[in-house]
Structures are given as structure tokens and as C-alpha cells.
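Engineer: Make a model of this:
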Amino acid sequence: MRLTDQNYTHELLQSTEPVVLFFYATFCGPSTLLLDFVGDAKAEFEGVARIVPVDVEECPRMAHALQIKGTPTVMLLDNGTPIASRIGTSTYDQFCDWIEDAVKKINEPETTKGGKKK
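Structural biologist: Numbering: from 1, shown residues only. Reported below is the predicted structural model:
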């Protein structure tokens, strides 16, 4: 999946899997470090979530629409709706742990006010 300012809304809504957007900037050192993880993480989460790098300089409208305040930012979307996000750098294990935990939020049953599962 290659996202652009022109196609991102359609592509995110059409995805059958949760999408993890990795917003980065080529001038940002921490972004480039995390960008090295993306290929390995794509393979690790194949069939669970789609991981898509997004250069904020190439897609400023998308970054603005999703209220990206800085890079690197990782955001999980389900059916085009932001579910969780994280700003800043991390190790590969922390990056993967965050994705795993964020994807679990999508699959958790909602709770009622009394704390009981529906």
C-alpha cells in the first residue's frame, strides 16, 4: 500500500486489516532510525496489521488531517479511525510491543459502566 495525499482516505477505509501508519521525516534522526525497523515489522505483523511508512513532507495533508504534531509518530487506525498513537523513538522490541498492544485494543470487547464485559 502506498499512501498519498490524494488516496489515503479511500485506502484506509478499504483496508481489511488495521493499519499502522509510521509518520517520519527524512531530516529527523530518530525517524530514520525507526524507519529501519519498518521492513522487519511488516514481515512480523503480516496478516495482523498493515504497516505503512508515510513521509510527512510528501503527504502534508494526511499528516495535518490526522493531527500529527511531530516525528516519528506511529498511529494505529481501524476502518480509517485512529485507535492509538505514539510519538518518539523506541527500540525494535518496543516498536513491535506497541503495535501488538494497540492491535489488541481493536479486538477487546467493550465494557459496560459496571466494568463487566458485554
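
Engineer: Doesn't D36 lie inside a helix?
Structural biologist: Yes - per DSSP: H, G, I helix; E, B strand; the rest coil, D36 lies within a helix segment.

Engineer: State the number of residues packed around it.
Structural biologist: D36 is flanked by 9 other residues according to other C-beta atoms under 10 Å. Any C-beta I mention is one placed from the backbone N, CA and C, and that applies to glycine too.

Engineer: Distance-wise, check it relative to V52.
Structural biologist: Look at D36 and V52: by C-beta to C-beta, to the nearest Å, they are 16 Å apart.

Engineer: where are the low-confidence patches of this protein?
Structural biologist: 109-118 (pLDDT under 70).

Engineer: Checking the residue nearest to the spatial centre of it next. Helix, strand or coil?
Structural biologist: Residue closest to the average C-alpha location in the chain (C-alpha atoms, centre = their mean): V20, at 2.5 Å. Put simply, V20 is strand when judged by three-state DSSP.
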